[in-house]
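> Predicted model follows, preceded by the sequence.
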Amino acid sequence: MSYLLRPTDWLAIYAAALSTIVFAWNVIRSRPRLKVLVMFGFEGGVGGASISVINRSPHTVHLAGISILYRYNRPSLREWAVHAWRFKRLPRRLGWVHSSLSNYEINDGCPHTLEARDSHHVLVPEKILEAIFLEASERKIMAVAQDKIWNNVYSNVFEFPSPKQAG
């Protein structure tokens, strides 16, 4: 019994490997990739936190809404463990309050269609941020963008300086 491969066998192996790589590449590229950023921003002479939603994929993404998150309290280790056990997942945003921008009378422009490589910006004025920080335990916020099929993309934590630190 001969274990030597003929040239057609090598060609078949090459074709199978190449088609697997192309399939994996297409699956990865077909997923929408959003990025949410929170940074300082100014618009019309008003300063605050600018929320940017960036579509980094080659496909159109339909945004359903943008929300702001602020920390209400820091959960204890026991609360964290109970939540993880009960819901069978790691609670990464336990203690954060999700609040729609419409609660603060901010037009987030949603629903909005983000074309490929496009972005959408919303400014949260400093006056509204100060009202949010009155209820929060820390001067930190995050933002979340939700698409029409309920996929959530969160920003990193953004620490907004107090007026004493800024001036």
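All right, it came through fine.

> Quick one: distance of the longest helix seen in the chain to the chain centre.
The longest helix of the chain (DSSP state H) is helix 7-30. Mean-position distance between helix 7-30 and its chain equals 32 Å (CA atoms, centre = their mean, to the nearest Å).

> Check stretch 87-99 too.
14 Å.

> Now do that stretch, average pLDDT.
Computed over stretch 87-99, the mean pLDDT rounds to 88.

> Strands along this protein, start to end?
34-43, 46-55, 61-71, 96-100, 112-114, 119-125, 140-147, 152-154, 158-159 (DSSP state E).

> thinking again about what came up before, tell me the mean pLDDT over the longest helix of the chain?
Mean predicted confidence for helix 7-30 is 91.

> start at 54 instead
With the count now opening at 54, the last piece we talked about shows up as helix 60-83.

> What are the buried residues along stretch 109-123?
110, 114, 116, 118, 119, 120, 121, 122, 123 (16 or more other CB atoms under 10 Å). C-beta here means a position set from N, CA and C on the backbone, and glycine is covered the same way.

> Out of those residues, which is nearest to residue 136?
residue 122 (16.5 Å; CB to CB).

> before we move on, the earlier item: switch the buried residues of stretch 109-123 over to TSV; also include distance to residue 91 and pLDDT.
Shown next, in TSV, are these (distance: CB to CB, whole Å; pLDDT from 0 to 100):
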residue	distance to residue 91	pLDDT
110	21	87
114	19	91
116	16	93
118	16	92
119	11	94
120	12	94
121	9	94
122	10	93
123	12	93
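
> which one of these is nearest residue 102?
Nearest member of those to residue 102, counting by CB to CB, is residue 121, at 8.1 Å.

> Surely the closest one and residue 196 touch.
Yes - in this structure residue 121 lies within contact range of residue 196 using CB atoms under 8 Å: 5.7 Å.

> who touches both of those two?
residue 104 (CB atoms under 8 Å, 6 or more residues apart in numbering).

> Of the strands of the chain, which is nearest residue 185?
Among the strands of the chain, if distance is taken as CB to CB, the winner is strand 114-124, at 5.3 Å.

> Pull up the pairing partners for that closest one, direction included.
strand 149-153 (antiparallel), strand 165-167 (antiparallel), strand 193-200 (antiparallel) (DSSP bridges).
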